[in-house]
Structure formats: structure tokens, C-alpha cells
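**Student:** my questions are about this predicted structure, shown below with the sequence.
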Amino acid sequence: MPDFLSLINGTDVRGTAIAVEGDPVTLTDEAVVSLSKAFCAWLLAEKSLRPRAIAVGHDSRLSSKRIEQCLVEGITACGIDVILTGLSSTPSMFMLLQEDFGADASVMITASHLPFQKNGLKFFVKEGGLESADVKKIATLAAEGASVPSRVHGKALSKSYIEKYAAGLVEKVRASTGKEKPLAGKKILVDAGNGAGGFYVDLVLKPLGADTAGSQFLEPDGRFPNHIPNPENEGAMQSVCGAVKQCGADFGIIFDTDVDRAGAVGKGGEEINRNRLIALISAILLEERAGATIVTDSVTSDGLTQFISAHGGVHHRFKRGYKNVINESKRLNETGVYSPLAIETSGHAALKENYFLDDGAYLVTRLLIALAKKGDLESLIEDLPEPKEAKEVRLSFEKGCDFKALGASLLEGLKEEVAHGTPVSPKKSYLSLTEPNFEGVRIRFASGKGDGWALVRMSLHEPILPINMESNAAGGVKIIADELYALLKRYPFVDSEKLKTI
């Protein structure tokens, strides 16, 4: 029997779908069929819902069709119809539930930016994507062999939705600008990384009048032969930045495999990613309504905080994980704090106006509206303070150790030492804690002693201690790394030696 709980990855199911050396298949036919039946059982038990149909879409991965057929087998065995939407984006699989498409729940087959042999499942109901606790229940039900008894089988039919989804984006731009072709005269290229985002060229940009010459890797290809479809990947960003320079484009767009994340490139080929992307969409939203609270993940810069404040907003730095920032923004709104945006440095961005759906295509569309109105976007973030240096180091835990418990003790000890010192290590006046802080330990380093900050935290899923460092001074990151090494070397279960190589 498959180990269903080991397939849980946050709010998704993920596993190996194509065997490669050292990585056997875990997302087997049996596992997918069982999970699909368990999803139907969960819908009935938790939502009192026996769907008319469940929509199933997929990105460009090589294993998608096999997994699609397994989903059809499991869902139809429960007496429920399946609507096959074919090549789809993850956001579109939620959006189709907001109208009378004929489905009451949906499943997206994707593993985002992971290597070609991986694949997975994302589950949606009308209220949104499932939480990790829901996915754990489904996995538990699958292990128990749960299903929905039915005397008749459901049927499967094919019905694409991506065209209607794209038409909605086109209409939003036209309504916001008052023009039929507001991007006429603009050269805008897309890098889809051979994922599912190629539709954006023909179905969104061209109807709006954009010249899309120079767009690359639009054809779906689950081998991902050109680069990893991931806006966070350095090689992928270099590729799209180079394309923008070569073509003299006004704007460049890069999507991840299933289009729930995006990155951008300015006119000169300079990337608009991470803090710069957050600053850009924040500036647009704060221009529309001052005083808004922008929720981000924990690794955003102090410069971004200054930028948001200068533009009349409030920066609320929270935890890593797109569900974490989305749920925090929702919570703030429920308490009466206006928060229109939840966004991660990874490119996951969810807007209140769009169901708090993390949707790379919607984010880019919002940027294009501003581009059409203003002529350029870079001027909106020209006052963003940028650090002189930035670095991320990922320290490994000793193999086989209880890394979660040891990591928690490390963070608690580090926090105590920075705040108060210890009998063997007196408090250093040039180190201080940043508060409030919701994840890990964020340390401020005074001018002359690093002139910046570091965030030491636990990885969400791996035995890794990521450390993000930024400095406003040349050579500052080296000073920060040396200080951190002195603090962390007494924890033998973590390989802190990497800090000495910076």
C-alpha cells in the first residue's frame, strides 16, 4: 500500500511520477486512484457535497495524462462525472468554480517547478484551495480505503476553460484603461518555460494589441528542455532578462509551470523580482488606496519596509509559505485592517479583489494595466532602497537527527543570546532582535558591525536551516556571516562551516 502521508507537501500532494535512478515512483496509479476516491469521500463528509462533476486539469508534465486517467477512474467509480479541462493553469481551476461551468470541485495535476519526474495534486472547492489539515484528512481517508459507494459510474467529458479565463483578464484590462487595445505600441514578451503559461501570449497580450515578438519556450514540454520554469531560478531569470535586452522589449514576463507564480523584467532587461516585484504591486495598490497593509513572507528586506511606509502603507512581515501569508491577510481584513495583498518573494501573490487566489497571470495583468496607463513601471520603484549585498545560506542538519526539535532549541537559544547574552557569551550591544517577528530569529546588525540584518529560520519541509542576510555596506555580509558563525558553531548538529566560506 502507498505511504499516503509521505505524499503530503504542505497543501499539495506531491511525489515521484516517473522513475529515475535513485528516485522510484511514489505517485503510483494505486495512490492516485485511492486519493481521488478519498477526495470524493472528504467532500461528502466535510462539505456535505456530492458534486455534479469534478473538473480535472493539468500542466505540461509528462506524467499528467497517466495521472489524469487515474483520477477519472477513481472519481467516476464514486458515481461523479469528470470534466477534463486539458492543459490548464492552477488559478483557472479555482476560477471555473466561481461560475456555472458545471463542476463543484476541481483537481489540478501539477508539481509546480519541481523536476520533470515529479508530479502532484492540488484540490479546490468553491471557497478556495484546501488547507494542509484537509489534505492530511484526504490522505488518511485514502489509507483507510475510503470511497463513495455508487451503483452507477460517472462519465468523463472534455471541456476547456482556459480561453474563458483569459478572456476575463482581457476584459479587466480594457475596463480599467477604457481602450480596446491599450498595449498597442508595446513590445511585451513571455517566457513560459515550456509550462502551461504559453496561453498568455495569444489569448491575453495579442488581443490587447501587444507586440509579442521574442516570446520564448511557449510550447508545452514536460521535459523542460530550456530551463526550470521558476521565476526564483537564477538561470531562468537570466534567460528572460537576456531575451528582453535582445528584443528591446518594454516588458518581460516569466511564469512558473502552473502559472500561480510570476516574475517580471523591466525595459532595460533588469529583473523585477522578489522585493522589487512586491514593491511594484504595492506601489500600484497604495496609489489606489493609501493606508493599506501589505502582508509578505519573512525574508523581505528592510528597504521594502521603508518603501511601503514612504508610499503610505504598512508592511506586515509574516511567515514563509503562500498559504500563511494569504491566511494572515484574510485574518487582518476580518479584524477591520484593510489588507489588499498577500505576497511572497517567491512570486506567489494573492489579491483581495481576486478571491485571495495566488495567480501569476492576474498579478501580471495588474502590472500591465499600470504599464498601459503610465507608459513605464520602473519609475514606480525608483525610490526602493536596495541593499549593497544580499546572500542566502542553507545549513544542513546532521543526518538522522530530530531536526525539528533540535532546530527549535537552536532558535530559542539564539534568540536568548542575542537579546540577553549568556554566562559564557555576554550580550553584544551591536546585535538586537527585530520585533515583531513571526518566524525564526531576525537579528539587526549595527552600522560598522554588518549594517544590516539576518534571518535564521527552519525550512518548512526539509532538514535545513536557511539564513538570509542583507547589508547596506560593502563587505557587510561577510561580517554578518562571521558573527553568525560565532553564534552557531556551538550547535554541532548543524553544519555552520558554510558561513566561513562567504
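**Tutor:** All right, it came through fine.
**Student:** mean pLDDT per helix and strand in the chain: which one sits at the bottom?
**Tutor:** strand 425-426 (a mean of 86; mean pLDDT, DSSP states H and E).
**Student:** strand partners (parallel or antiparallel) of that one?
**Tutor:** Under the criterion DSSP bridges, strand 425-426 sits next to strand 421-422 (antiparallel) in its sheet.
**Student:** just how off-centre is the least confident helix or strand of the chain within its chain?
**Tutor:** Strand 425-426 has its C-alpha centroid displaced from the chain centroid by 40 Å (C-alpha atoms, centre = their mean, to the nearest Å).
**Student:** which residues touch it?
**Tutor:** residue 417 (C-beta atoms under 8 Å, 6 or more residues apart in numbering). For every residue, glycine as well, the C-beta is placed using N, CA and C.
**Student:** helices and strands around the very next helix or strand once past that strand, which ones?
**Tutor:** For strand 425-426, the following helix or strand on the C-terminal side (DSSP states H and E) is strand 431-433. Where contact means 3 or more C-beta pairs under 8 Å, 6 or more residues apart in numbering; DSSP states H and E, strand 431-433 is packed against helix 403-420, strand 441-445.
**Student:** just these: most buried one?
**Tutor:** The highest mean neighbour count among these, using mean count of other C-beta atoms under 10 Å, belongs to strand 441-445: a mean of 23.
**Student:** how far off centre is the helix or strand just after that strand?
**Tutor:** Using DSSP H and E, the helix or strand that directly follows strand 441-445 along the chain is strand 452-456. Put simply, strand 452-456 sits 22 Å off its chain's centre (C-alpha atoms, centre = their mean).
**Student:** please enumerate the strands of the stretch 301-450 of the chain.
**Tutor:** Taking DSSP state E, counting those that start in this stretch as the test, the strands found in the stretch 301-450 of the chain are 314-317, 341-343, 349-351, 357-358, 389-396, 421-422, 425-426, 431-433, 441-445.
**Student:** picking up where we left off before, could I get the helices and strands packed on strand 431-433 as JSON lines with distance to residue 455 and mean pLDDT?
**Tutor:** JSON lines is the format used below for these (distance: least, C-beta to C-beta, whole Å; pLDDT from 0 to 100):
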{"stretch": "helix 403-420", "distance to residue 455": "11", "mean pLDDT": "96"}
{"stretch": "strand 441-445", "distance to residue 455": "5", "mean pLDDT": "98"}
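**Student:** next, format the ones you listed as TSV and append distance to residue 472.
**Tutor:** Output for those, formatted as TSV (distance: least, C-beta to C-beta, whole Å):
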stretch	distance to residue 472
helix 403-420	19
strand 441-445	10
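**Student:** and those: which comes nearest residue 382?
**Tutor:** Nearest to residue 382 among those is strand 441-445 (26.0 Å), distances taken as C-beta to C-beta.
**Student:** tell me the pLDDT at the residue nearest the centre of the chain?
**Tutor:** If you average the C-alpha coordinates of the chain and look for the closest C-alpha using C-alpha atoms, centre = their mean, you land on residue 348, 3.5 Å from that point. Model confidence at residue 348, expressed as pLDDT, equals 96.
**Student:** that one reaches residue 261, doesn't it?
**Tutor:** Yes: Residue 348 is within contact range of residue 261, at 5.4 Å (criterion: C-beta atoms under 8 Å).
**Student:** which neighbours do these two have in common?
**Tutor:** Applying C-beta under 8 Å, 6+ apart, one finds that residue 348 and residue 261 are jointly contacted by residue 358.
**Student:** so which elements touch the helix or strand harbouring residue 84?
**Tutor:** With secondary structure defined by DSSP H and E, residue 84 is part of strand 81-87. Contact analysis of strand 81-87 by 3+ C-beta pairs under 8 Å, 6+ apart lists strand 53-58, helix 64-77, strand 156-158, helix 162-177 as its packing neighbours.
**Student:** okay, the angle between it and helix 64-77?
**Tutor:** Here strand 81-87 points in a direction 170 degrees away from that of helix 64-77 (axes from the mean of the first three to the mean of the last three C-alpha atoms, to 10 degrees).
**Student:** distance from the chain centre to strand 81-87, please.
**Tutor:** A distance of 24 Å separates the centroid of the chain from that of strand 81-87, by C-alpha atoms, centre = their mean.
**Student:** kindly report the same for stretch 272-281.
**Tutor:** Its chain's C-alpha centre and that of stretch 272-281 lie 14 Å apart, by C-alpha atoms, centre = their mean.
**Student:** in it, which residues are buried?
**Tutor:** Residues 272, 273, 274, 275, 276, 277, 278, 279, 280, 281 are the ones in stretch 272-281 that count as buried (16 or more other C-beta atoms under 10 Å).
**Student:** ok, residues contacting that stretch?
**Tutor:** Applying C-beta under 8 Å, 6+ apart, the set of residues contacting stretch 272-281 from outside is 231-232, 237, 263-266, 294, 296, 300-301, 303-304, 307-308, 341, 343, 345, 347, 349, 363, 366-367, 377-378, 380-381, 384.
**Student:** would you mind giving the domain segments of the chain?
**Tutor:** Domain assignment for the chain by automatic domain parsing gives 4-160, 165-381, 389-501.
**Student:** now do the same end-to-end measure for the second one.
**Tutor:** Counting by C-alpha to C-alpha, to the nearest Å, you get 30 Å between the two ends of domain 165-381.
**Student:** retrieve the pLDDT associated with the most far-flung residue of the chain relative to its centre.
**Tutor:** If you look at how far each residue of the chain sits from its centre, by C-alpha atoms, centre = their mean, the farthest one is residue 423, at 42.6 Å. We have a pLDDT of 83 for residue 423.
**Student:** next one: residue 362
**Tutor:** Reading off the per-residue confidence, residue 362 sits at a pLDDT of 98.
**Student:** residues contacting residue 400?
**Tutor:** Contact criterion C-beta under 8 Å, 6+ apart gives no residues in contact with residue 400.
**Student:** now the helices for the stretch 201-350 of the chain?
**Tutor:** Ranges of helices in the stretch 201-350 of the chain, per DSSP state H, counting those that start in this stretch, are 234-247, 275-288, 302-310, 322-334.
**Student:** using a markdown table, lay out these together with mean pLDDT and distance to residue 189.
**Tutor:** As requested, the helices of the stretch 201-350 of the chain are arranged in a markdown table below (pLDDT from 0 to 100; distance: least, C-beta to C-beta, whole Å):
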| stretch | mean pLDDT | distance to residue 189 |
| --- | --- | --- |
| helix 234-247 | 97 | 6 |
| helix 275-288 | 98 | 17 |
| helix 302-310 | 97 | 27 |
| helix 322-334 | 97 | 26 |
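**Student:** this completes my enquiry, with thanks.
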